Every structure is written in structure tokens, then in C-alpha cells.
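[1] kindly generate the corresponding structure for this input.
(chains A and B)
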There are 2 protein chains.
Amino acid sequence: MKTALLGYGVVGSGVHALAEARPEHGITISRVLVRRDIAPIRAIATRDFQEIVSDPSIETVVEVMGGEEPALTYVKAALAAKKHVVTANKLMLSLHYEELLALARANGVRLAFSAAVGGGIPWLANLLRVSRVDRIASLGGIMNGTTNFILTAMQQGGADFAETLSTAQKLGYAEADPTADIDGLDVRAKLALSCDAAFAQMADASAIPTLGIRYITAADVAQFHALGLTCRLIGKAERTEAGVAAYVEPMLFAADAPEAGVNGTGNIISYCCEGLGSQSFFGLGAGQAPTASAVMQDLIDVSCGATPFSLAHCEGSFVPDASKASHPYYLRTSGALPEGCIDRMLGQTPAGAACITAPMPVSALHALVQARLAAQESVFAAGLASLES
Amino acid sequence: MKTALLGYGVVGSGVHALAEARPEHGITISRVLVRRDIAPIRAIATRDFQEIVSDPSIETVVEVMGGEEPALTYVKAALAAKKHVVTANKLMLSLHYEELLALARANGVRLAFSAAVGGGIPWLANLLRVSRVDRIASLGGIMNGTTNFILTAMQQGGADFAETLSTAQKLGYAEADPTADIDGLDVRAKLALSCDAAFAQMADASAIPTLGIRYITAADVAQFHALGLTCRLIGKAERTEAGVAAYVEPMLFAADAPEAGVNGTGNIISYCCEGLGSQSFFGLGAGQAPTASAVMQDLIDVSCGATPFSLAHCEGSFVPDASKASHPYYLRTSGALPEGCIDRMLGQTPAGAACITAPMPVSALHALVQARLAAQESVFAAGLASLES
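    Numbers count the residues shown, from 1 in each chain, chains lettered A, B, ... in the order given. This is a model prediction of the structure:
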């Protein structure tokens, strides 16, 4: 299957190497769109996307440029030209996947993106697979390696957030602009894709209440340690009487929970089904090798006519509703603790008083935190709930 | 796809219920081979296998009787009659799969058995999938729920082996004849199937050195606790300079290892690939719902022309060689501790002295233990190695 790569960074070159190392799959990288001269691929390189989209011999286009544009324009043009598209571009997908999916359907081609959640962990493919025979009651876990690295380092080293983030940036585990990771937006996009797959409807990502780890302090982490708990940034969805609740927030886990044992840039993602019970998938969530591997898996599926991960089974859309999901929270704020919902005081930290709340609706707690942040308070909240709740 | 069930116990009835609950997959259970009258399925029941094998409308036969015979005879007849076969019968497979696989190939039909390892954990399918793009360096984990239940209960309750086994039998977690579980034979069969999938050659299961948990004592468990270690029965395969080493043995894990956190009848199975690194799959390994679910997944794959788990890619066979895999052991024996390989003495227990050995070849340690057992010594050994070694 003749295939074009859009981009030749670490992932693109990794896909090229895998395709050449595994000739038995018949994936031939025949064109590569690049912006600079790269000697080893000079014979197949082009700076002109039109040469790719107008080449009838190219069946599949792999978009590994990242970013919204020009990736979006290229992907749309490729789909319109009836070429299959494989991508790992979460940002583009989360903003435009309904349009892209419709375009793929209209042109009878596949839009595959196994790498978008969990990197090399075969998460989305297995989520789709299990939903063929079982009803998914909940799903979620650690979906972002950058924040897990930061939380692990704070827990192990006792340093504060800013210093740990800076270390993560120096080590290449966090980007220069870390917003998407530390504010939970990356997890939100992955959670929305997971909901699409699990519940066969497109989830409105903008309706997912999202708290990140930007405001965590060393004193918060010391409190968690004293309680025997470990903090992890979690994306979670669960069926409630109000439909599907989905939310992104820091959560606290007991030492024997699998999430507490996942350190550094590891990911662990689980589903709980009505028949099968819980199953978890654990591994490295990102990086060149896992992402290139997931792209190659999609290419093989496309090439041999198997169904790669896509959302082609989705019908319609839904707005996640976190008003009926409820659990206690750790809440620390420089302002006044909210009256009437304190279960247990934990005492003072340099950035304010901390407590454990009574069980609160997720939507209410998130609204409270966002209001306090808007009022310039220093606030950090973390849920106290296991994935099996 | 018209399908016949051979057997209607907990798994067979579970498959029937799943097929009816998910009519969108078009799996129709049109005949059931039973040995007694079962009112709700009287209309499709038969006691005569010939009615099934000679019915040209039946495309697929699901064998959920268990045991070697008459399951083997029926499966061979079904394959010869050009019907696909789905089974979860590890015993039959481990004794006869080369013959069965050849028969399936010769007749152009599929022989699928996703349920044979890990129950509902999608282990074999993902192992095959990852080996499309990566080279597997090692694999293994907790593959038997019965022994994990016993080891967890001994660890938590302090009781001795015989008492704990008896409890497990009363609770339905161990069979009346527990030999296959507690002597590691069930794990050996699952490990051999995993090796077949991972290394694309049929592993000779009889060449896999196997130690079970029959001789573990409460005093051994107390020693592990004092060392901060947790004992689990493990099947493991790893590439060495002598080829693939495979072995089944109790192993000791530090508290932060994922295996140490898998309690009760849970399973965790991992592979480590050269590109992707380690990935782990965790969930309930056996029981009605997981097994029926895995059988149903195979049926859907067969029905829609996708490749279900099979060993059709295997070429030839190999003899696992554990002589070049090496790690330290906990060794406790009522006889003399072997001279020259003691790294650290641990002191006396009621059933003999215990030590930690220097790193020893797995094959040598297993041979030593088997010789001591043959000489009527009381011996228990457990490896000290992580799956990531």
C-alpha cells in the first residue's frame, strides 16, 4: 500500500523505519512532505502537498505534523481525494473530528487514530472491541505522561510545582508551553475520544469539567502523604442516572490502587464493564516508539482491510453531565472553606486551609473551584474516589 | 452465522445469552449438544453430535465441554466437516493443537481460542497484534486465578497451604482435584500458547521447567513478609543467548511491582517489546462472564471475516531452554542447603532452613528442586526477578 507521510519528525521517521523493518505488511512510504531537506529521504521528499494529494497511486496519507493548521487542510483534502488518513493529532481531532468523520464516510475511506489516546497502549482498539459484547459502565485513568511525571517527582522529591515543571521541561517531558498538559486539556481531548468509542456517541468535550494540576503545592503533596494517598491527574467517565458523567481532575488513590503505582510518564487506563468487570491497560503513553507503533498498527489494519480504530460506529452526539457523579474532595484554598460541606479539617498550609469535603457533585465542586480561581484565590482540589466506585 | 454449542454449562449458557443479547452480530445458536434435558433450550437441543456435524447450515462449532474426550473427537470432526471451531479448552489444545491447527489449515477453516489464556483479558489477541510491528523480548505474569487466590489468602490470613486450599475449594475457587492449578500445569499450558503467539513457533510445553505452590508453608510466607516481598505464581518467557527461555515458578515481588498488587483471582500479564517497552493487561482471568465474553469475541471475528486469535502464523516448533536465564532464588528445604550457591542465610523454619541463593540458571535450580522432591525432602523455591529483568 503506497503511503505518504506528512511530516518527518520523530514520529514520522519512526513510522518510516517500522514500515521498512516490516516489509511483510506491504506498507511502502512513497512520498514524504517536508519543509527542509533531509538527505536520506531526498528521493521521496516533496515540499508540495499537491504532489501527494493528486497522486492516484497513494492510497493512504499519514499526518504526523501535529498542530491544527495546515494539518487540517491537508487531512480534509486527502479524505476528499478518497485517500485513507491515519493521524495521531489529538488537537486537530478534538476540534474537528465530526467534520472529518463525515468527510471520511462520504468518501468511503478510513480515518484512523489509534495513537491519539494512550500512545502505544492498545486502549481505543480494545475499548471498541469490548463494547461489541459488553456494556461499559465506567472508564478512565492516567492518560497524560507529562503531568504524571510532575506529580511523581513532587511526591518523591518534595519540590514545588514550578520547580518540578521546569525540571520536566529541561528533561523534555514537558513542552515550552505546558498549558494543554497541566490544565488537563490534553486529558479532556483523550477522554472525549474514549467516550465516543465507549458510548457510540460523540461527546461534547467542551462540556467536560476540567481541573488540572497548575495550582498544586508541595504542602498539598505533604498532606496527601500524611493521609497515605497518592495524587494522579485522571480523566474519568461513568454512567449515572443523568446519563454519562465525564470529568478531568486530580484524584487521590490509596497505596494499593494500581494508579498509585504508576510513576513517571506511565499511563494506566481502565474500563469497567457490566459483564466482564474491570480491565486495565498499563504502559508508556507517549513518545516516539509508542506513537509510531500505533500509527503502524493503523496502517496495517487499513492495508489488510481490517477495521482500524475509528469512530465510524458513532451516531449523534451527547453532552456529558457531571451533576449526578459525586464523591468527597480534598480542598485547599487561600479563601474561606465553603460552609456546610466540610467533612474533616486538615489544617493550615502556606497557601491556605485544607479539608476533606462530604461527597459533592463533581459539577458543583468544579464550579466552586473555577469561581474561586476567577476571584484570584489560590485553590487546589482533588477527588477521593476509586475508578471502581 | 449459524452456530452450534457443544456443552451448556456456565460458559455455554453464557455464550448463548450474549449471542441473544447482541443480535446485531448475527450469531445464531441453532443447535446445542447436551447430555440432559434443559427445558429452555429443548427446541434446539440434541444428544447426537452427528446431527450437528452433518448439518450444512451450521458454519461454526463452539466447544465448551472441557476435558480431552469427547471434545477432541468432536472438534476434529467439526474441522474435517469444514466448520470453524471456537474453544476455550486449554487441556485439549495443549495436548493436540499442532494436529488441530493442521486440520483447520487443511480444511480452510478457523480454530480460535482467545479464552484459553487470561479469560476475558484480551491477552493473546493483543500479543499477536503487537508482534505485527515489534519484537517481543519477554512476556509473562500471573495467569492462574486459583493459585493467586491461595497465595493472597495465605499472605493476608497467615494460614498454611492445606487449610487455604480447602477454603478455596469450599468457595469454588479451586477444583476438587487441584493438581493442574497448584502444580503449575495450567500456567504451563497458557505460557506455551503465549510463546507460540509471541515467537511464531510452537513451543514444546513439556520442556518448560515448572514449579507450583504445593509445598509453600506459612513460615515461607512469613519470611517473604519480613523481606517486604510478595509471592505470586508466574509463567515467564524471555529471549536469551540460548533462544527462548520459558519457565513456571513462584516469584517474589517488591511491594511496588504491579504483580504484588494483584490479589485474589486477578490476573496480570505483560509483554516487553524492543520498541514499545512494557505493557501490562490486568483483569479477572477466569469465570463464566470473562470466558463467555472471549468466546463471543472469537465468534464475532469469525463471523465478520476478521482474524480471531489462532496460531495460523506459526511455522515449526522450538524447545524452550531455561539454561541461560538466571536469577537469585529463595530456597527452603528440610535437607541440606546446596553448598556454593548461598548468598544469604535467612534462618530456620519448621520445614527447614531458608536462604537466598546467588543468581542461578533457572534450569539448574528447577532440577535441584525436583531432585530434592524426588528424595522426599520438603522444598519450596521462589525466584527473585522482576518481569523487566
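
[2] so who does the residue nearest to A:Val109 when sequence neighbours are not counted touch?
    Nearest residue to A:Val109 in three dimensions, chain neighbours excluded: A:His84, at 4.8 Å (CB to CB, 6 or more residues apart in numbering or on different chains). Every C-beta, even on glycine, is put in place using the N, C-alpha and C of the backbone. Taking CB atoms under 8 Å, 6 or more residues apart in numbering or on different chains as the criterion, A:His84 is in contact with A:59-61, A:109-112, A:302.

[3] so A:Ser323, which state does it fall into?
    Using DSSP: H, G, I helix; E, B strand; the rest coil as the criterion, the local structure at A:Ser323 reads coil.

[4] leaving out the residues flanking it, which one is nearest to it?
    A:Ser323's closest residue in space is A:Ser363 (CB to CB, 6+ apart), at 4.6 Å.

[5] one more: A:Leu384?
    Using CB to CB, 6+ apart and skipping residues adjacent in sequence, the residue nearest A:Leu384 is A:Pro328, 4.4 Å away.

[6] pull the number of nearby residues for the one you found.
    Neighbours of A:Pro328 under the rule other CB atoms under 10 Å in any protein chain shown: 19.

[7] narrow the contacts of A:His84 to those in helices?
    A:Val302 (DSSP state H).

[8] between the contacts of A:His84, which has the most around it?
    Result: A:Ala112 is most packed of these (other CB under 10 Å), 29 neighbours.

[9] bridged to that one, which residues?
    A:Val86 (DSSP bridges).

[10] right, and it touches A:Ile300 too?
    No - if you go by CB atoms under 8 Å, A:Ala112 and A:Ile300 don't touch, sitting 10.4 Å apart.

[11] near chain B, which residues of chain A are found?
    Contact residues, chain A versus chain B (CB under 8 Å from any CB of the partner chain): A:18, A:22, A:25, A:120-122, A:125-126, A:129-130, A:132-134, A:256, A:258, A:261, A:275-284, A:289-290, A:292-293, A:296-297, A:300, A:306-307.

[12] for A:Met296, give me the pLDDT.
    pLDDT for A:Met296: 95.

[13] look up phi and psi at it.
    When read as degrees, to the nearest 10, the backbone of A:Met296 gives phi -60, psi -40.

[14] ok, now which ones touch it?
    Counted by CB under 8 Å, 6+ apart, A:Met296 has contacts A:15, A:18-19, A:22, A:25, A:27, B:132-133.

[15] one step back: out of the residues of chain A next to chain B, which end up buried?
    A:18, A:25, A:120-122, A:125-126, A:129-130, A:132-134, A:258, A:261, A:275-284, A:289-290, A:292-293, A:296-297, A:300, A:306 (16 or more other CB atoms under 10 Å in any protein chain shown).

[16] assign the residue nearest to A:Ser323 to helix, strand or coil.
    Following three-state DSSP, the label given to A:Ser363 is helix.

[17] distance of A:Val319 from A:Leu193?
    From A:Val319 across to A:Leu193, the span is 16 Å (CB to CB, to the nearest Å).

[18] then A:Ile121?
    13 Å.

[19] same question, A:Glu68
    16 Å.

[20] quick one, helices of chain A?
    Counting by DSSP H, the helices of chain A are A:10-21, A:49-53, A:71-80, A:90-107, A:123-130, A:145-157, A:161-170, A:179-182, A:185-199, A:218-226, A:288-303, A:362-374.

[21] nearest to A:Arg31, out of those?
    helix A:49-53 (5.1 Å; CB to CB).

[22] so who does A:Ala364 touch?
    A:Ser323.

[23] domain-wise, how is chain A divided?
    Annotated domains of chain A cover A:2-112, A:123-285+A:319-383 [automatic domain parsing].

[24] in contact with the residue nearest the centre of chain A, which residues?
    Residue closest to the average C-alpha location in chain A (CA atoms, centre = their mean): A:Lys190, at 3.1 Å. Neighbour list for A:Lys190: A:90, A:116-118, A:143-144, A:235 [criterion: CB under 8 Å, 6+ apart].

[25] list only buried entries from the residues you listed.
    Listed as buried from these are A:90, A:116-118, A:143-144, A:235; burial here means 16+ other CB under 10 Å.

[26] now, which of these lie within strands?
    Here DSSP state E is the test, and those give A:Gly235 as lying in strands.

[27] dump the buried ones among the contacts of A:Lys190 to CSV, plus distance to B:Arg239 and pLDDT.
    As requested, the buried ones among the contacts of A:Lys190 are exported to CSV (distance: CB to CB, whole Å; pLDDT from 0 to 100):
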residue, distance to B:Arg239, pLDDT
A:Lys90, 34, 80
A:Ala116, 31, 85
A:Val117, 30, 87
A:Gly118, 26, 86
A:Met143, 31, 95
A:Asn144, 32, 94
A:Gly235, 36, 98
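
[28] neighbour count winner among A:Val319 and A:Leu193?
    A:Leu193 (26 against 13).

[29] ranges for the strands of the stretch 201-350 of chain A?
    A:202-203, A:229-240, A:243-254, A:266-273, A:277-284, A:317-318, A:326-327, A:329-333, A:342-349 (DSSP state E, counting those that start in this stretch).

[30] let me have these in a markdown table, extended by distance to B:Leu33.
    Below are the strands of the stretch 201-350 of chain A laid out as a markdown table (distance: least, CB to CB, whole Å):
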| stretch | distance to B:Leu33 |
| --- | --- |
| strand A:202-203 | 44 |
| strand A:229-240 | 38 |
| strand A:243-254 | 42 |
| strand A:266-273 | 29 |
| strand A:277-284 | 29 |
| strand A:317-318 | 44 |
| strand A:326-327 | 49 |
| strand A:329-333 | 56 |
| strand A:342-349 | 58 |
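
[31] out of these, which gets nearest to B:Ala104?
    Short answer: strand A:277-284, nearest of the strands of the stretch 201-350 of chain A by CB to CB, at 28.5 Å.

[32] what's in contact with that closest one?
    So strand A:277-284 is contacted by A:118-123, A:126, A:130, A:141, A:145, A:258, A:262, A:265-273, A:290, A:387-388, B:120-122, B:258, B:276-284, B:289-290 (CB under 8 Å, 6+ apart).

[33] go again with 7 Å.
    For strand A:277-284, the external contacting residues (CB atoms under 7 Å, 6 or more residues apart in numbering or on different chains) are A:118-123, A:126, A:258, A:262, A:265-272, A:290, A:388, B:121, B:258, B:277-284.

[34] quick one: residues contacting A:Glu98.
    With CB under 7 Å, 6+ apart, A:Glu98 has these contacts: A:Met202.

[35] any weak-confidence spans in the stretch 251-389 of chain A?
    A:306-312, A:386-389 (pLDDT under 70).

[36] for A:Lys2, name its beta-bridge partners.
    A:Thr28.

[37] and the residue of chain A positioned farthest from its centre, what's its pLDDT?
    In chain A, the greatest distance from the average C-alpha position (CA atoms, centre = their mean) is reached by A:Ala43, at 35.7 Å. Looking at A:Ala43, its pLDDT is 95.

[38] how about the one 4 residues further on?
    pLDDT, A:Arg47: 96.

[39] wait, what's in contact with the residue farthest from the centre of chain A?
    No contacts exist for A:Ala43 under CB under 7 Å, 6+ apart.

[40] what sits against the closest residue to A:Gly66 other than its chain neighbours?
    Closest residue to A:Gly66 apart from its sequence neighbours, by CB to CB, 6+ apart: A:Asn89 at 5.8 Å. Going by CB under 7 Å, 6+ apart, A:Asn89 touches A:63, A:66, A:71.
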